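> Only the shape, not the letters, is given here:
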């Protein structure tokens, strides 16, 4: 494999957006952790809603991790 300017530009075009997505996911998680108020609600209904929101947030993070891993792995494997 020859490394010339075309090869370098293809590698940059392939991986710069991927790095941008990874940085955006990490920034979003940092921003949510910094701004989330972790006070527990007083009544039982609010506690249930609070617990559900935490569960949904963890599920969303898990889905994003899986999608990101699939994107990274598909960049390395060809059929």
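Done, it's in. Since this is a predicted model, take the numbers as computed values, not measurements.
> tell me what the helix or strand containing residue 75 is packed against?
Taking DSSP states H and E as the definition, residue 75 sits inside helix 44-76. When contacts are defined as 3 or more Cβ pairs under 8 Å, 6 or more residues apart in numbering; DSSP states H and E, helix 44-76 sits against helix 5-35. (Glycine included, C-beta is placed from N, CA and C.)
> Compute the inter-axis angle for the helix it packs on and helix 44-76.
170 degrees (axes from the mean of the first three to the mean of the last three Cα atoms, to 10 degrees).
> How far away from the center of its chain is helix 5-35?
10 Å (Cα atoms, centre = their mean, to the nearest Å).
> Going forward, the N-terminal residue is numbered 51.
Done: numbering now begins at 51, and the last item shifts to helix 55-85.
> looking only at pLDDT, what's the mean for it?
For helix 55-85, mean pLDDT is 82.
> contacting residues around the spatially most central residue of the chain?
Centroid-nearest residue in the chain: residue 75, 3.7 Å away (criterion: Cα atoms, centre = their mean). Residue 75 makes contact with 114, 118, according to Cβ atoms under 8 Å, 6 or more residues apart in numbering.
> and if you look at residue 118?
Counting by Cβ under 8 Å, 6+ apart, the residues that residue 118 touches are 71, 72, 75.
> same deal with residue 125?
64, 65, 68.
> of the residues you listed, closest to residue 97?
residue 68 (39.5 Å; Cβ to Cβ).
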